[in-house]
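A.B. asks: One predicted model, sequence on top.
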Amino acid sequence: MKRSRINQIIREADAFLQSLCFRLPPFAYWTPEEWRAKGGECREIVACQMGWDITDFGSGDFAKVGLFLFTLRNGPADGSGKPYAEKIMIVQPSQVTPMHFHWSKQEDIINRGGGVLAIKLYNSTPDEQLADTPVTVSMDGVSRTVPAGTVVRLHAGESITLTTGMYHTFWAEEATALVGEVSAVNDDAADNRFLEPAGRFPAIAEDEAPLHLLVGDYARFYHV
């Protein structure tokens, strides 16, 4: 992805969040120069990969296969700190997040506003393929069993619990959706099992300076 495109996505995402009265923490708006001046007091942000996260999953077409995320809070992958994470995501109409599951992380996905969030569900087989067995999920505390491959739809305020090993892919319908995630500790380096090969973090062509740092940029700008 080009850095200029990433900067544009950040600006558009920030405007969308503010239109729905969702506010990001102060560190979201630090410039690269401000990051260079930070010390050990910010180590948690970097170590736990909190912040801006924009990916096209290696597709080269963010509008069709991609996702905007901001990790608001997270614990360390080694379990030595807080045992939970929270993200905010923006899902555009017909923009797909590829089919995947997590080995360790259980998560609640919440439609915080905007369009409808559509989620297709499968169990996984022992060899990590799609199972044809019925899928049982909790949706706002109500258990529901659906056939493999069912698409469930979350309207604003509705949520679903995705357990470990449960394959899911999602997209928005009708309008852009603001989506929350509350989960166990998030480890994007080691806890994503994509059904088809996908790149979790994009390769970036630096055609202009970063507006704000992505989580993958910290190593270049923050040195303690």
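C.D. replies: It's in.
A.B. asks: tell me the mean pLDDT for stretch 125-142?
C.D. replies: Throughout stretch 125-142, pLDDT has a mean value of 98.
A.B. asks: In that stretch, which residues are buried?
C.D. replies: Buried residues in stretch 125-142, counted by 16 or more other C-beta atoms under 10 Å: 131, 135, 137. Where C-beta positions appear, they are placed from N, C-alpha and C, glycine not excepted.
A.B. asks: Kindly check the end-to-end length of it for me.
C.D. replies: 25 Å (C-alpha to C-alpha, to the nearest Å).
A.B. asks: One more: stretch 98-109?
C.D. replies: So stretch 98-109: terminal residues 16 Å apart, C-alpha to C-alpha.
A.B. asks: For the lengthiest helix in the chain, buried residues please.
C.D. replies: Of all segments of type helix in the chain, defined using DSSP state H, the longest is helix 3-19. Buried residues in helix 3-19, defined by neighbour count with 16+ other C-beta under 10 Å: 3, 5-7, 9-10, 13-14, 16-17.
A.B. asks: cool, and stretch 39-51?
C.D. replies: Those would be 42, 45-46, 48-51, for stretch 39-51 by 16+ other C-beta under 10 Å.
A.B. asks: repeat for stretch 178-190
C.D. replies: For stretch 178-190, by 16+ other C-beta under 10 Å, it's 178-188.
A.B. asks: which two in those residues are spaced the farthest apart?
C.D. replies: Across the buried residues of stretch 178-190, the longest distance by C-beta to C-beta is 23.9 Å; it joins L178 and D187.
A.B. asks: Quick check: E34 is in a strand.
C.D. replies: No. Under DSSP: H, G, I helix; E, B strand; the rest coil, E34 falls outside any strand and is assigned helix.
A.B. asks: do you know how far it is from R23?
C.D. replies: 19 Å (C-beta to C-beta, to the nearest Å).
A.B. asks: more crowded one of those two?
C.D. replies: Ranked by neighbour count (other C-beta atoms under 10 Å), E34 and R23 place E34 first, with 13 against 9.
A.B. asks: roughly how far apart are the more buried one and F221?
C.D. replies: In terms of C-beta to C-beta, E34 sits 9 Å off from F221.
A.B. asks: how many other residues sit next to Y222?
C.D. replies: Y222, neighbours per other C-beta under 10 Å, totals 18.
A.B. asks: Distance of it relative to N111?
C.D. replies: 34 Å.
A.B. asks: Check D53 too.
C.D. replies: From D53 to N111 the distance is 19 Å (C-beta to C-beta).
A.B. asks: and what of L67?
C.D. replies: From L67 to N111 the distance is 15 Å (C-beta to C-beta).
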